[in-house]
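**Student:** attaching a predicted model along with its sequence, questions to come.
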Number of protein chains: 2
Amino acid sequence: MKRVTSEVAYEYIRKRIQTGEYPPGFSLVTEVLSSEIGVSRTPVREALHRLATDGLVEIRPRHGATVKQMDLAQYRDFCGLRLALEGYAAMLAALVHTPLELRTIKLALDAMRTHTERIIVDDQDKVAHEALMAEDVRFHVSIMSAAKNNLVKSEILRLHLVNRILFGPADPSGPPIKEFANKAEHDENRRRVLANHEEIYDAIARRDAPAAREAMERHIQDIIDHAALTFGGTPAVRELTPEELAYRG
Amino acid sequence: MKRVTSEVAYEYIRKRIQTGEYPPGFSLVTEVLSSEIGVSRTPVREALHRLATDGLVEIRPRHGATVKQMDLAQYRDFCGLRLALEGYAAMLAALVHTPLELRTIKLALDAMRTHTERIIVDDQDKVAHEALMAEDVRFHVSIMSAAKNNLVKSEILRLHLVNRILFGPADPSGPPIKEFANKAEHDENRRRVLANHEEIYDAIARRDAPAAREAMERHIQDIIDHAALTFGGTPAVRELTPEELAYRG
DNA sequence: ATTTCAATTTTTGGATGCAATTTCTTAATT
DNA sequence: AATTAAGAAATTGCATCCAAAAATTGAAAT
């Protein structure tokens, strides 16, 4: 025995989903995966269950596992969760951050500013794009670390994982997503994100908890709105679940 | 094959944890459980993993599973999560509730009022105690249903599950929990809970989203404070994790 | 030609066996 | 007597095997 085999299976599948090699709706057959990875079906099964609790995979009993796919309504629910948690984390961070934690947040913010400027000058700068994304993550992670609530932190990290998958690198065989907006729109969006981050940082720095929460919530709401635009124009009236309908009689 | 055996195992173990038959820290050995339940080790393993993601069980690789135990610090983190989510749900409910959903919430509130009065008159009324707990749950569930975000709802329900376990029926072999306060204190607490609920309801009814959130957050904060008292007097300074310490260099 | 029903194949969920690792026990040494 | 080391027992994690359920294919009847 080498090491935790189920971990290998988990990482293997997760990576494929994230890169888009296994697109949303893709059927994940244990037998195929196990022979592909070179382990038996047991650890694959376990990995799929873990991915299901992460929200990356959907398992219907006796029907197998598929890569999760979300419609806009589900995405909005998802972002609502993120909004609630990250807003709370920002609030906590404003209250309990240490000077060092504040500096860590500021470092990420400053780096983002630099990279954003660079991208606005040269749209094709791949390195700057990569760096910007990395610093964006660092900014958010720094805030939830400063909040000092590990449960909240791990929940948010789990959500980020899903977000990356559904709106990540590519969606080669998925439904036709609306073509990217033009550069001017993109630049405007980047500036808005940066402005949002600055607001959040300032509120945390002056220990203004309500303002920090509001700023973070506005930021995430902006993300939702932006995604709604690129996703497709439909206002997407929410479907009511049977469970919800039960409340009406 | 009869039915989903892993479901049987899951319910079996969950119930035992909730009733306190398996107290916090209790060692959950797959072999023992499988022979006790009458299924093989595979579904037991799966059930334990599910319980771990629910937060009821702790699994350390190669060391087995134990019933999760929380200290006060962890409980506060846990309640923080609940506060963030239920506060958000109350806000949403204020914004998007239908008249029927509002009435459902009011029904639970009215029932709670009745049962609380009854308990204050007769402390020993077991039926009223049961009913009060049930209506308390109904009140909270009605609100998250009215919020119409299934993800948030299922997350909160998961949290409620854990809450029930750690502060549920009994903890026979656990550390000596401070003896229950006297009746006057209890009655005061019950009245405060009811007043909280009324505030929450009123805010939702008049579609005042910020007030609904604030009232809910105050309510949960009260619960935390109350638990801190009955748990033990220690202020419980949070331990820093190695991960957090990394941020300091 | 299309639809329906049955048989075959595929695939999941569960049981069992096996190897590796951890823990418990016991004995020996300081 | 206490502490450590070695071996024995127990327990986890993975692989394989088996049975039940679902999907698919093919044939027959309308």
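**Tutor:** Cool, the structure landed. Just so it is clear, the structure is predicted and the values come from calculations on it, not from any experiment.

**Student:** quickly list the domain ranges of chain A.
**Tutor:** As given by automatic domain parsing, the domain ranges for chain A are A:5-67, A:72-231.

**Student:** now the weakest link among these, please, by mean pLDDT.
**Tutor:** Mean pLDDT per stretch puts domain A:72-231 lowest among these, at a mean of 89.

**Student:** that one near chain B at all?
**Tutor:** Yes - using CB under 8 Å from any CB of the partner chain, domain A:72-231 reaches chain B at A:74, A:77-78, A:80-81, A:83-85, A:87-88, A:92, A:98, A:100-101, A:104, A:142, A:145, A:148-152, A:155. Where C-beta positions appear, they are placed from N, C-alpha and C, glycine not excepted.

**Student:** quick one, which of the residues you listed are buried?
**Tutor:** Applying 16 or more other CB atoms under 10 Å in any protein chain shown to the residues of domain A:72-231 next to chain B, the neighbour count classes A:74, A:77-78, A:80-81, A:83-85, A:87-88, A:92, A:101, A:104, A:142, A:145, A:148-152, A:155 as buried.

**Student:** those in helices, which ones?
**Tutor:** Mapping these onto helices (DSSP state H) picks out A:74, A:77-78, A:80-81, A:83-85, A:87-88, A:92, A:101, A:104, A:142, A:145, A:150-152, A:155.

**Student:** okay, helices next: where are they in chain A?
**Tutor:** A:5-19, A:30-37, A:41-54, A:72-96, A:99-121, A:126-147, A:150-166, A:183-205, A:209-231, A:242-245.

**Student:** output those helices as a markdown table; include the columns distance to DNA strand D.
**Tutor:** Below are the helices of chain A laid out as a markdown table (distance: least, CB to the nearest atom of the strand, whole Å):
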| stretch | distance to DNA strand D |
| --- | --- |
| helix A:5-19 | 3 |
| helix A:30-37 | 7 |
| helix A:41-54 | 4 |
| helix A:72-96 | 22 |
| helix A:99-121 | 34 |
| helix A:126-147 | 28 |
| helix A:150-166 | 20 |
| helix A:183-205 | 40 |
| helix A:209-231 | 29 |
| helix A:242-245 | 20 |
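
**Student:** if you compare those, which one is most tucked away?
**Tutor:** Comparing these by mean neighbour count (mean count of other CB atoms under 10 Å in any protein chain shown), helix A:72-96 comes out on top with a mean of 22.

**Student:** tilt between that helix and helix A:99-121?
**Tutor:** 140 degrees (axes from the mean of the first three to the mean of the last three CA atoms, to 10 degrees).

**Student:** does anything pack onto helix A:72-96? Which helices or strands?
**Tutor:** Helices and strands touching helix A:72-96, by 3 or more CB pairs under 8 Å, 6 or more residues apart in numbering or on different chains; DSSP states H and E, are helix A:126-147, helix A:150-166, helix A:183-205, helix A:209-231, helix B:72-96, helix B:150-166.

**Student:** using JSON lines, lay out these together with distance to B:D208.
**Tutor:** Formatted as JSON lines, the helices and strands packed on helix A:72-96 follow (distance: least, CB to CB, whole Å):
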{"stretch": "helix A:126-147", "distance to B:D208": "27"}
{"stretch": "helix A:150-166", "distance to B:D208": "26"}
{"stretch": "helix A:183-205", "distance to B:D208": "23"}
{"stretch": "helix A:209-231", "distance to B:D208": "16"}
{"stretch": "helix B:72-96", "distance to B:D208": "6"}
{"stretch": "helix B:150-166", "distance to B:D208": "20"}
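
**Student:** got the helices of chain A as TSV, with distance to B:V32 columns?
**Tutor:** Formatted as TSV, these follow (distance: least, CB to CB, whole Å):
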stretch	distance to B:V32
helix A:5-19	22
helix A:30-37	28
helix A:41-54	21
helix A:72-96	37
helix A:99-121	45
helix A:126-147	39
helix A:150-166	30
helix A:183-205	50
helix A:209-231	46
helix A:242-245	37
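
**Student:** who wins for proximity to B:R45 among those helices?
**Tutor:** helix A:41-54 (8.0 Å; CB to CB).

**Student:** so which residues make contact with that closest one?
**Tutor:** Under the criterion CB atoms under 8 Å, 6 or more residues apart in numbering or on different chains, residues A:5-6, A:8-10, A:12-14, A:17, A:28, A:30-31, A:33-34, A:37, A:57-59, A:65, A:158, A:161-162, B:42, B:46, B:49-50, B:53 lie in contact with helix A:41-54.

**Student:** what's the answer for stretch A:148-159, then?
**Tutor:** Under the criterion CB under 8 Å, 6+ apart, residues A:54-55, A:78, A:81-82, A:85-86, A:88-89, A:92, A:96, A:140-141, A:144-145, A:147, B:74, B:77-78, B:80-81, B:84, B:155, B:238, B:240-241, B:244 lie in contact with stretch A:148-159.

**Student:** gap between it and the chain center?
**Tutor:** 12 Å (CA atoms, centre = their mean, to the nearest Å).

**Student:** cool, stretch A:35-45 as well?
**Tutor:** Stretch A:35-45 sits 28 Å away from the centroid of its parent chain (CA atoms, centre = their mean).

**Student:** can you count the residues close to A:V39?
**Tutor:** Neighbour count of A:V39, defined by other CB atoms under 10 Å in any protein chain shown: 18.

**Student:** backbone dihedrals for it, please?
**Tutor:** Dihedral pair for A:V39: phi -120, psi 180, per degrees, to the nearest 10.

**Student:** what does chain A have sitting close to DNA strand C?
**Tutor:** Contact residues, chain A versus DNA strand C (CB under 7 Å from any atom of the strand): A:1, A:28-32, A:41-42, A:45, A:59, A:61-65.

**Student:** rerun at 6 Å
**Tutor:** Among all residues of chain A, those adjacent to DNA strand C (criterion: CB under 6 Å from any atom of the strand) are A:1, A:29-31, A:42, A:61-62, A:64.

**Student:** which one of the helices of chain A lies closest to B:A111?
**Tutor:** Closest approach to B:A111 among those is made by helix A:242-245 (21.2 Å; CB to CB).

**Student:** now the closest one: mean pLDDT?
**Tutor:** Helix A:242-245 comes out with an average pLDDT of 42.

**Student:** relative to A:D122, how far out is the residue lying closest to A:L132 once chain neighbours are set aside?
**Tutor:** In space, and not counting its chain neighbours, A:L132 is closest to A:H115: 4.1 Å by CB to CB, 6 or more residues apart in numbering or on different chains. Distance, A:H115 to A:D122, using CB to CB, to the nearest Å: 11 Å.

**Student:** quick check: neighbours shared by those two?
**Tutor:** Common neighbours of A:H115 and A:D122, using CB under 8 Å, 6+ apart, are A:A128.

**Student:** export stretch A:11-20 as PDB, just CAs?
**Tutor:** As requested, the backbone C-alpha atoms of stretch A:11-20 are provided in PDB (Å, rounded to 0.1, in the frame of the first residue of the first chain):
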ATOM      1  CA  GLU A  11      -7.800  14.800  -6.600                       C
ATOM      2  CA  TYR A  12      -7.800  13.100 -10.000                       C
ATOM      3  CA  ILE A  13     -11.600  13.600 -10.500                       C
ATOM      4  CA  ARG A  14     -11.700  17.100  -8.900                       C
ATOM      5  CA  LYS A  15      -9.000  18.300 -11.200                       C
ATOM      6  CA  ARG A  16     -10.700  17.000 -14.300                       C
ATOM      7  CA  ILE A  17     -13.900  18.700 -13.300                       C
ATOM      8  CA  GLN A  18     -12.200  21.900 -12.600                       C
ATOM      9  CA  THR A  19     -10.300  22.000 -15.900                       C
ATOM     10  CA  GLY A  20     -13.500  21.300 -17.700                       C
END
